[in-house]
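# just a sequence and a predicted model for now, questions to come.
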Amino acid sequence: MTISEKIFELLELRGMSQKEFSEKTGIAQSSISDWKRKHTNPVSEKILIICEVLNVTPYELLSATEGKGNRNNPSDFIIIDKNTEYGKAICEFLSMDKGMQGRLLGYMEALKNIE
């Protein structure tokens, strides 16, 4: 599911029209229509206002989405909530010195090769 598909799903769940969404976010109706028609996603600068209007967190909006669309710019980043298991693991990893991080990455690589 793309970000724009998730937005349209949330609009439907909330019974909000594209026009009302446009008025509340300040995003042009033509841009919103383009997301659906051209299978594009909103620009990153609009994510926070979109989340505010749809009453979701950026994590909720961006999770379970794929890098589809025709802008051909897949992201090199992921967003992880610090309070999840994954987030806690990343925080622990970042608190390690470079040597420990290297060792852990080596262990992880070795684990992938175990059948």
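Perfect, I can see it now. Residues are numbered from 1 along each chain as shown.
# okay, CA-based contacts and neighbour counts for the rest of this
Noted.
# tally of neighbours for K19?
Neighbour count for K19, taken as other C-alpha atoms under 10 Å: 15.
# worst-scoring helix or strand of the chain, pLDDT-wise?
For the chain, scoring each helix and strand by mean pLDDT, DSSP states H and E identifies helix 58-62 as the least confident one, at a mean of 87.
# in that one, what's buried?
Taking 16 or more other C-alpha atoms under 10 Å as the neighbour-count basis, helix 58-62 is seen to contain the buried residues P58, L61, L62.
# and stretch 28-39, by the same measure?
Residues of stretch 28-39 classed as buried under the neighbour-count rule (16+ other C-alpha under 10 Å) are I32, W35, H39.
# what are the C-alpha coordinates of that stretch, in CSV please?
Output of stretch 28-39 as CSV, limited to C-alpha atoms (Å, rounded to 0.1, in the frame of the first residue of the first chain):
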residue,chain,number,x,y,z
ALA,A,28,-4.7,21.8,-3.3
GLN,A,29,-7.5,19.5,-4.4
SER,A,30,-5.7,19.0,-7.7
SER,A,31,-2.7,17.6,-5.8
ILE,A,32,-4.9,15.3,-3.8
SER,A,33,-6.5,14.1,-7.0
ASP,A,34,-3.1,13.5,-8.6
TRP,A,35,-2.1,11.2,-5.8
LYS,A,36,-5.0,8.9,-6.8
ARG,A,37,-4.9,9.4,-10.5
LYS,A,38,-1.1,9.4,-11.0
HIS,A,39,-0.3,7.0,-8.1
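# what's that stretch in contact with?
For stretch 28-39, the external contacting residues (C-alpha atoms under 8 Å, 6 or more residues apart in numbering) are S4, E5, Q18, K19, S22, T40, N41, P42, G69, N70.
# adding pLDDT and secondary structure, write these out as CSV.
Formatted as CSV, the entries for the contacts of stretch 28-39 read as follows, by pLDDT from 0 to 100; DSSP: H, G, I helix; E, B strand; the rest coil:
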residue, pLDDT, secondary structure
S4, 92, helix
E5, 91, helix
Q18, 93, helix
K19, 95, helix
S22, 95, helix
T40, 90, coil
N41, 91, coil
P42, 92, coil
G69, 48, coil
N70, 47, coil
